[in-house]
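>>> with the input below, show me the fold.
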Amino acid sequence: MGTNYQCPTVLDACCGPRMFWFDRADSRALFVDKRRERCHADTRQGRREIVIDPDQIADFRALPFHDATFALVVFDPPHTFAGPNGWTRKKYGTLESGWRDDIRHGFSECFRVLCPLGTLVFKWCEHRVPVSTVLALTPERPLFGQRCGTTAKTHWIVFQRPNTR
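The predicted model follows:
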């Protein structure tokens with residue numbers, strides 16, 4: 001029997017350690033990040049290992065894919081200003097100066113590689129930056145969203161790319 005290869009239909013544009021995935025090796029997804037590393041960090045729970053191992057090295061601000069390639073894009077960019085050696089920085093990355101332009105370019109790229117009527121799932125924790133500030137960085141309008149977490153600061157927001165551009 002031949003191999004039943006399925007082209008990924010989902011792009012995780014900045015996967016980090018794939019924390020919210022039920023299956024961190026799901027073949028339907030292409031996991032992308034700008035870094036590949038294995039490091040350790042000290043936390044309140046003790047020393048922990050962080051593994052960032054994307055399928056492909058790429059920066060969410062300049063994705064190396066053709067227009068309208070994916071049916072679903074997940075966009076969970078860095079959301080805080082973390083110290084140089086902190087757990088949060090190692091695990092998720094950090095906002096740098098010019099972060100507004102970075103997020104603006106990220107939204108633009110995610111919508112560019114999304115098929116018409118495709119879905120963008122955006123995750124943002126407003127620990128430092130309100131979600132309203134971030135949503136102002138894209139001209140696209142979200143369909144719906146949900147707050148979650150013990151402090152209700154994490155937002156899951158769903159967009160649909162228009163049928164035409």
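>>> tell me which strands and helices the longest strand anywhere in the chain is in contact with?
Across the chain, the longest stretch assigned as strand under DSSP state E is strand 114-125. Where contact means 3 or more CB pairs under 8 Å, 6 or more residues apart in numbering; DSSP states H and E, strand 114-125 is packed against strand 70-75, helix 99-113, strand 154-160. All C-beta spots, glycine's among them, are computed from the backbone N, C-alpha and C.
>>> show me where this protein has helices.
Assigned by DSSP state H, the helices in the chain fall at 87-92, 99-113, 131-135.
>>> for the residue nearest to Lys91 when sequence neighbours are not counted, list each beta-bridge partner.
In space, and not counting its chain neighbours, Lys91 is closest to Ile50: 5.2 Å by CB to CB, 6 or more residues apart in numbering. Beta-bridge partners of Ile50, counted by DSSP bridges, are Cys39.
>>> what about Ile50, neighbour count?
Residues within reach of Ile50, counting by other CB atoms under 10 Å, total 16.
>>> was I right to think it contacts Met19?
No - the pair Ile50 / Met19 is not scored as a contact, 10.0 Å apart, by CB atoms under 8 Å.
>>> okay, and the common contacts of those two?
With contacts defined as CB atoms under 8 Å, 6 or more residues apart in numbering, the residues shared by Ile50 and Met19 are Lys91.
>>> need the helix or strand of the chain with the lowest average pLDDT.
Least confident helix or strand, the chain: helix 87-92 with a mean of 70, by mean pLDDT, DSSP states H and E.
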